[in-house]
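Asker: Let me see the structure of the following:
(4 chains)
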Protein chains: 2
Amino acid sequence: MPEQDLRATITDVSREAGVSIKTVSRVLNNERYVGSETRARVQAAVAALNFRPNAAARSLAGRRSFQIALICDNPSPYYVYDMQSGIRDRCVAAGVRMIAQPYDRGSPTLLDDIESLVDAINVDGLILTPPVTDYPAVLELLAKRGVRFVRVSPGGDLDLTPSTFIDNAGAAQAMTAHLIGLGHRRVGFVRGHPDFATSGQRFEGYRAALAAAGIAFDAALVREGSYDFASGSSAADALLDLAAPPSAIFASSDDMAAGVLAAAHRRGMRVPEQLSVAGFDDTALAGVVWPPLTTIRQPTRDMGYAAADLLLSDASDPHERRELRFELVVRGSTGPVG
Amino acid sequence: MPEQDLRATITDVSREAGVSIKTVSRVLNNERYVGSETRARVQAAVAALNFRPNAAARSLAGRRSFQIALICDNPSPYYVYDMQSGIRDRCVAAGVRMIAQPYDRGSPTLLDDIESLVDAINVDGLILTPPVTDYPAVLELLAKRGVRFVRVSPGGDLDLTPSTFIDNAGAAQAMTAHLIGLGHRRVGFVRGHPDFATSGQRFEGYRAALAAAGIAFDAALVREGSYDFASGSSAADALLDLAAPPSAIFASSDDMAAGVLAAAHRRGMRVPEQLSVAGFDDTALAGVVWPPLTTIRQPTRDMGYAAADLLLSDASDPHERRELRFELVVRGSTGPVG
DNA sequence: TTGTAGGCGTTATCAC
DNA sequence: GTGATAACGCCTACAA
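Answerer: Numbering: from 1, shown residues only, chains lettered A, B, ... in the order given. Below is the predicted model of the structure:
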């Protein structure tokens, strides 16, 4: 039963292959200066013994821990899931492990947790998603520690770290212009959570499109949400209760767009005939659930890929940026405008 | 800038506190036989130096790694998220780290990944969710290695490990009986994914309720889904296309229930007036999105709590079980039955 | 109640 | 190309 003791070590492998432990280590780490025949012999021994290097020992002796961490807190489980999945895929390919936990951006121990990751776990790098991307205390801590990290959709300071993002303002502007192009003059807008920089960026795009079309901005048509279903739903209720309600509503996330649609449904309004609904589609939720929705597609998983690539690439241009393309997906045609 | 070197070690702390490193270690691990004054001095030194024990060294020298792993693959991101969150909370309290990654139950490397967790990371324990809970190869591997693990909603072999679950058959029976009690004689049923043991358990409950009410089982009213939105939607389409369609549809998950509702909506059917829809609510999705839904509530997060408690508790009765209560949540009244 | 010696399994350094 | 040997930071044993 003490099968535990069967766990092979480098020493076992070296004995099996008839070489020194250092040579085994070289093979394991893909270092140069190993005879091809020697290498083959070692690899055979590794396979024969089903050997797996002990992560703790590796981390202790070496400079690397082969672990990176994802700091991700988002109202949408779909977002978290997609982000984790994307990064995980890349980590597997790179032989690195991803530490991912649902963090709580409001937690008083957030800074402490991150410090723990750096000091106790000794992570090789971190990936930050909004809104932590823009927490000065966190940025300062990581910079001081000299830890590599990349940011997803940061709010600013693009020179600080490698980062990946889409043109949120441009996307929101394109969508708003699309709605205006369909004949809508009163376009409602549901903002995202105020903690997220993207919320402001998307709102700016909305305003820009109105201005470009010569439509006066009406503050009554804008409601603040928090990137979740419930807030989208109540924002839509408020907008549709207006004396002069909008003929289209554009929500800053798909969860909120789903909320808008539910509100319309509750009122017996047909979409898109009686109300056009559009939304950012950070995840897959609303697009799947509600075909008539028109969305800005920005696959979160791709963001994960890009972020992981930036972190794991050897070339470490500290200012590298990956701007991903967004896509305007029009589903269902839009009927007459009130 | 080499702030890295400021990372304190036990030696630093021992010097600061004027004691030996062993004493520091004792304080860190809450061992007995430490003078209260000594303890206080050490703790002060730890705080002063912002010392955090190196996880790798701890794991290498000791027997524990202070890490547990969650093996969770589920069609619903909400489920994964809730499960992770629940377990995470308990881990934080216990000073243990949770390794959680979206796994792929079909991956050819699954067994290898798990072996890696055991051999390379040396995890203190594992939590398995369906369907991996019932993979013989995995169970055998873990048993052979002598690793502690608990299972969530296992399909059988309850004596094998501690586990947590609800009475799925009982819940499905209660829900079906509820629908029958409302006057429905033709109740459609959407099964879950065949890989999950819960699918069969729920189906059995459905059949039992029909039998108890003296209603003949009609195979045409049963469709197989895969626990996701799309399958629920197409299953509902098939059921509603029948010459004699059901007046109520009971889906084995909330994602599928949402799909059923979307199908009803597409057809212009009002819920629950023209079609009663019920579902298991493993996550929060459908219940939030669609108030008229009647659900079996079985908070996934609570399952995570229970699973983590079982794994982290010192008392390790190998056969311990935690059966959680389900709850029948009736939202919206049900109108006339076709 | 406290301290000393040794080793955990790997990588880094420096010889050969 | 390859191999000894000394760390890495902590815990387990044993002693004092």
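
Asker: all contacts plus neighbour counts: C-alpha atoms, from now on.
Answerer: Will do.

Asker: what residues does the stretch 51-200 of chain A put near DNA strand D?
Answerer: Within the stretch 51-200 of chain A, the residues that sit near DNA strand D (C-alpha under 7 Å from any atom of the strand) are A:57, A:60-62.

Asker: how about those in CSV, adding distance to residue A:78 and neighbour count?
Answerer: Output for those, formatted as CSV (distance: C-alpha to C-alpha, whole Å; neighbours: other C-alpha atoms under 10 Å in any protein chain shown):
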residue, distance to residue A:78, neighbour count
A:57, 36, 18
A:60, 36, 19
A:61, 38, 11
A:62, 36, 10
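
Asker: Confidence-wise, which of those comes last?
Answerer: Confidence by pLDDT is poorest for residue A:62 among these, given 87.

Asker: if we can go back for a sec, turn the residues of the stretch 51-200 of chain A next to DNA strand D into TSV, columns for secondary structure.
Answerer: Supplementary listing: these in TSV, determined by DSSP: H, G, I helix; E, B strand; the rest coil:
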residue	secondary structure
A:57	helix
A:60	helix
A:61	helix
A:62	coil
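
Asker: which residues in the stretch 201-338 of chain A form helices?
Answerer: A:229-240, A:254-266, A:285-289, A:300-312 (DSSP state H, counting those that start in this stretch).

Asker: All the strands of the stretch 1-150 of chain A, in order from the start?
Answerer: For the stretch 1-150 of chain A, applying DSSP state E, counting those that start in this stretch gives strands covering A:67-72, A:97-102, A:125-128, A:149-152.

Asker: most tightly surrounded among these?
Answerer: Of the strands of the stretch 1-150 of chain A, the one with the most neighbours on average (mean count of other C-alpha atoms under 10 Å in any protein chain shown) is strand A:149-152, at a mean of 26.

Asker: and the helix or strand that that one is followed by, what other elements does it pack with?
Answerer: Next helix or strand after strand A:149-152 toward the C-terminus (DSSP states H and E): strand A:163-165. With contacts taken as 3 or more C-alpha pairs under 8 Å, 6 or more residues apart in numbering or on different chains; DSSP states H and E, strand A:163-165 sits against strand A:149-152, helix A:300-312, strand A:321-323.

Asker: Distance from the next helix-or-strand element following strand A:163-165 to the middle of the chain?
Answerer: For strand A:163-165, the following helix or strand on the C-terminal side (DSSP H and E) is helix A:168-181. Put simply, helix A:168-181 sits 22 Å off its chain's centre (C-alpha atoms, centre = their mean, to the nearest Å).

Asker: Okay, buried residues for helix A:168-181 please.
Answerer: A:168-180 (16 or more other C-alpha atoms under 10 Å in any protein chain shown).

Asker: Okay, residue A:205 and residue A:177: tell me how far apart.
Answerer: Using C-alpha to C-alpha, to the nearest Å, residue A:205 is found at 10 Å from residue A:177.

Asker: from the buried residues of helix A:168-181, which is closest to DNA strand C?
Answerer: residue A:168 (41.2 Å; C-alpha to the nearest atom of the strand).

Asker: What is the neighbour count of residue A:235?
Answerer: By the measure other C-alpha atoms under 10 Å in any protein chain shown, the count of residues near residue A:235 is 27.

Asker: Can you check the pLDDT for it?
Answerer: Reported pLDDT for residue A:235: 98.

Asker: Contacts only, for the most centrally placed residue in chain A.
Answerer: Taking C-alpha atoms, centre = their mean, the centroid of chain A lies closest to residue A:83, which sits 4.5 Å from it. By C-alpha atoms under 8 Å, 6 or more residues apart in numbering or on different chains, the residues touching residue A:83 are A:300-301, A:303-304.

Asker: 6 Å instead, please
Answerer: A:300-301, A:304 (C-alpha atoms under 6 Å, 6 or more residues apart in numbering or on different chains).

Asker: Name the member of the residues you listed with the most neighbours.
Answerer: residue A:304 (25 neighbours).

Asker: surely it meets residue A:86?
Answerer: Yes: between residue A:304 and residue A:86 there is a contact under C-alpha atoms under 6 Å: 4.6 Å.

Asker: Just name the shakiest helix or strand of chain A by mean pLDDT.
Answerer: helix A:285-289 (a mean of 53; mean pLDDT, DSSP states H and E).

Asker: Provide a list of residue ranges in chain A with pLDDT below threshold.
Answerer: A:1-6, A:283-293, A:315-316, A:331-338 (pLDDT under 70).

Asker: and it, which residues reach chain B?
Answerer: Residues of chain A found near chain B, taking C-alpha under 6 Å from any C-alpha of the partner chain as the criterion, are A:3, A:52-57, A:60, A:77-78, A:81, A:120-121, A:145.

Asker: Quick check on those residues: which are buried?
Answerer: The buried subset of the residues of chain A next to chain B (16+ other C-alpha under 10 Å) comprises A:52-57, A:60, A:77-78, A:81, A:120-121, A:145.

Asker: re earlier: and of the contacts of residue A:83, the nearest to DNA strand C?
Answerer: The closest of the contacts of residue A:83, once distances to DNA strand C are taken by C-alpha to the nearest atom of the strand, is residue A:304, at 27.0 Å.

Asker: quick one: contacts for the closest one?
Answerer: Neighbour list for residue A:304: A:83, A:86-87 [criterion: C-alpha under 6 Å, 6+ apart].

Asker: quick one: residue A:325 from residue A:299, how far?
Answerer: 9 Å.

Asker: who has more neighbours, these two?
Answerer: Set residue A:325 next to residue A:299 and count neighbours by other C-alpha under 10 Å: residue A:299 wins out with 20 against 12.

Asker: gap between the more buried one and DNA strand C?
Answerer: Remark: distance between residue A:299 and DNA strand C (C-alpha to the nearest atom of the strand, to the nearest Å) = 35 Å.

Asker: returning to that earlier point: what's the closest of the residues of chain A next to chain B to residue B:37?
Answerer: residue A:120 (26.5 Å; C-alpha to C-alpha).

Asker: Report the separation between residue A:220 and residue A:187.
Answerer: 11 Å.

Asker: And residue A:107, by the same measure?
Answerer: 36 Å.

Asker: Compare those two and say which is more crowded by neighbours.
Answerer: For residue A:107 versus residue A:187, neighbours defined as other C-alpha under 10 Å are more numerous around residue A:187 (23 against 10).
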